[in-house]
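Engineer: Fold the stuff below for me.
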Amino acid sequence: MIRRSPSIPTSIAASSSSSNHVNGNNRLGLFLIGTVLVLYTIGLLESVYHLPVPNHRRRAWIGKLTKRGVVSFGGNINLSKTGLSDVQYVDGEGKVNNIGMDSVEDLDDDDDEAGGSDNTNNNSNNKRKMPKSPIPEAQWPISIRDEDGNFEDVIHPGHKAKHHSDVIMSVPRFWIDDPVSVHQNKLMSRDLAMRIGSCNQPDPLTGSRSRGDACPPSERTIYVAIASYRDYQCRDTVTSIFSRAKHPQRVRVGVVDQIVEGEDGPCDAPYVPCATDPDQMLCRWKDRVDVFQVDAPLAIGPVFARHLGHRMYRGEYYYMQSDAHVTFTRDWDEDIVSQQEATGDEMAVLSTYLTDIEGSIDPNTGRSLRDTRPIMCNTDYEDGQGNKYLRHGSQPEAVPTVRGMPQLQPYWAAGYSFSRGHFVVNVPYDFYQPVRNLDLELDLDLGLELVSDWIGLLVGCIGWKNGAEIGCFDVDTTLIDTQH
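Structural biologist: Residues are numbered from 1 along each chain as shown. The predicted structure follows:
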């Protein structure tokens with residue numbers, strides 16, 4: 001008789017081996033899941049502390065870990081190209097100090113080492129944090145002459161379009177390099193708009209020149225942009241701006257002077273030397289005049305020149321664009337500002353075709369002799385250079401029937417325009433629009449953006465063009481406002 005040893009059934013043995021294998025996999029899976037959850041939680045906490053929320057700074061213990069190399073976390077996402085990774089501190093005396101994130105962490109560390117943020121031996125209680133804005137701090141007076149050596153090299157667009165050898169131009173940088181970081185491709189809010197615009201007199205408490213509408217109207221700065229092509233009347237226009245302004249100390253003029261050196265007189269050159277007659281306007285206010293000179297052969301139309309003029313804007317409260325052959329009426333600055341503010345519209349733009357100077361200005365007082373006003377409401381195709389293009393016109397001038405309130409008009413004129421300074425931030429002239437027709441009213445980069453991004457266009461009247469040209473005039477407080 002053969003005796004057999006006891007054995008476990010095959011099916012039972014296979015089940016037991018499989019169970020042990022599954023338990024091992026479960027433990028490994030749970031370990032991996034736990035590890036992922038821990039790392040996810042740490043990353044979530046780090047992300048929360050990195051959120052770009054005003055008045056926020058990273059906690060000291062995270063700062064110590066990251067600074068000492070114990071652990072490294074990924075960076076946070078900024079909402080714009082500038083400003084959100086840095087903060088400013090405003091101390092108890094109203095002074096603004098710029099410090100980076102590392103400095104913020106150092107302050108946390110100092111607080112901990114001193115026994116906490118309530119320690120009476122430090123000044124943390126006298127400081128409040130605020131996010132650094134992409135909008136530069138307002139300064140006045142200001143000049144691009146102070147930025148010599150910090151210009152931007154660009155390739156001349158006309159030569160590039162013709163496939164010629166590149167011509168490198170050194171031009172002023174825009175006041176804000178990244179305007180999208182300011183307006184975020186949205187209609188600018190009033191609160192944001194009020195942060196743009198310098199004041200001739202600083203705030204008596206903080207010393208800031210960015211005062212919004214707390215700045216008295218007579219102290220709100222005005223930047224006047226002029227594009228001039230070999231225009232002998234340019235210096236007369238600048239002289240008129242300062243001699244007829246009620247508050248010339250709040251005015252700054254930026255001229256893009258396209259001339260042939262040796263043949264044309266520069267726009268900022270007085271008729272006689274300043275040493276001989278220092279009372280000339282171009283001598284008295286020379287610190288308020290910036291001239292960017294361009295060799296006339298490089299001129300490729302007014303859009304390009306006015307683009308350069310926009311580059312010279314430096315945060316003034318108002319922006320005015322004018323031709324280079326205009327005579328201004330007495331107290332033009334007070335007049336046009338009052339018209340602008342009467343609209344109650346932060347996005348309002350005053351604009352018109354200027355009226356003939358003949359019989360328009362009292363030679364003794366410098367004040368307007370007219371009570372009529374042109375309204376831009378006509379447009380037609382005009383022949384030129386082998387083709388036709390749209391050209392706007394004005395109705396025959398007449399005494400306005402609408403007074404004391406804005407009046408709408410459908411078009412904008414490049415020869416005269418007045419608005420808040422953030423106009424330049426929202427709709428700057430395009431760099432790549434060479435050889436556009438003479439008045440640019442259908443300029444796609446500016447005119448059409450005004451239609452889509454701005455609330456209104458208005459006509460302000462404060463000056464006159466010389467000779468047979470057209471000019472602008474004052475009609476009480478009546479305005480022309482175009483809404484789209």
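
Engineer: Pretty sure Thr178 sits against Gln184.
Structural biologist: In this structure residue 178 is Asp, not Thr. No: when contacts are counted by Cβ atoms under 8 Å, Asp178 is not listed as touching Gln184 (10.9 Å). Where C-beta positions appear, they are placed from N, C-alpha and C, glycine not excepted.

Engineer: Where does pLDDT dip in the stretch 251-400 of the chain?
Structural biologist: Residues of the stretch 251-400 of the chain that meet the criterion pLDDT under 70 lie in 384-385.

Engineer: tell me the strands in it, going along the chain?
Structural biologist: Secondary structure of the stretch 251-400 of the chain by DSSP state E, counting those that start in this stretch: the strands cover 251-259, 289-295, 318-322, 326-328, 348-351, 376-384, 387-394.

Engineer: can you list those in CSV and add mean neighbour count and distance to Met169?
Structural biologist: Output for these, formatted as CSV (neighbours: other Cβ atoms under 10 Å; distance: least, Cβ to Cβ, whole Å):
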stretch, mean neighbour count, distance to Met169
strand 251-259, 25, 12
strand 289-295, 19, 8
strand 318-322, 25, 21
strand 326-328, 26, 27
strand 348-351, 26, 29
strand 376-384, 13, 28
strand 387-394, 14, 28
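
Engineer: Show me where the stretch 301-450 of the chain has its helices.
Structural biologist: Along the stretch 301-450 of the chain, the stretches classed as helices by DSSP state H, counting those that start in this stretch are 302-311, 332-342, 422-426, 447-453.

Engineer: And the ones you listed: which comes nearest Ser143?
Structural biologist: Relative to Ser143, the nearest member of the helices of the stretch 301-450 of the chain by Cβ to Cβ is helix 302-311, separated by 13.5 Å.

Engineer: Output stretch 223-237 in PDB, but only the C-alpha positions, please.
Structural biologist: Taking Å, rounded to 0.1, in the frame of the first residue of the first chain, the C-alpha atoms of stretch 223-237 are listed here in PDB:
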ATOM      1  CA  TYR A 223       1.500 117.200 -23.200                       C
ATOM      2  CA  VAL A 224       1.300 118.700 -26.600                       C
ATOM      3  CA  ALA A 225       2.500 116.500 -29.500                       C
ATOM      4  CA  ILE A 226       3.500 118.100 -32.800                       C
ATOM      5  CA  ALA A 227       4.600 116.300 -35.900                       C
ATOM      6  CA  SER A 228       6.400 118.800 -38.200                       C
ATOM      7  CA  TYR A 229       7.800 118.300 -41.700                       C
ATOM      8  CA  ARG A 230      10.100 121.100 -42.700                       C
ATOM      9  CA  ASP A 231       7.500 123.600 -41.300                       C
ATOM     10  CA  TYR A 232       8.900 127.100 -40.900                       C
ATOM     11  CA  GLN A 233       6.000 128.000 -38.700                       C
ATOM     12  CA  CYS A 234       6.700 125.300 -36.100                       C
ATOM     13  CA  ARG A 235       8.600 127.600 -33.800                       C
ATOM     14  CA  ASP A 236       5.800 130.100 -34.000                       C
ATOM     15  CA  THR A 237       3.300 127.400 -33.000                       C
END
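
Engineer: can you list the strands of the stretch 251-400 of the chain in TSV and add distance to Gln139?
Structural biologist: Below are these laid out as TSV (distance: least, Cβ to Cβ, whole Å):
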stretch	distance to Gln139
strand 251-259	11
strand 289-295	14
strand 318-322	16
strand 326-328	26
strand 348-351	25
strand 376-384	36
strand 387-394	37
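
Engineer: For Phe151, which of the ones you listed is the nearest?
Structural biologist: Phe151 lies closest to strand 289-295 among those, at 9.7 Å (Cβ to Cβ).
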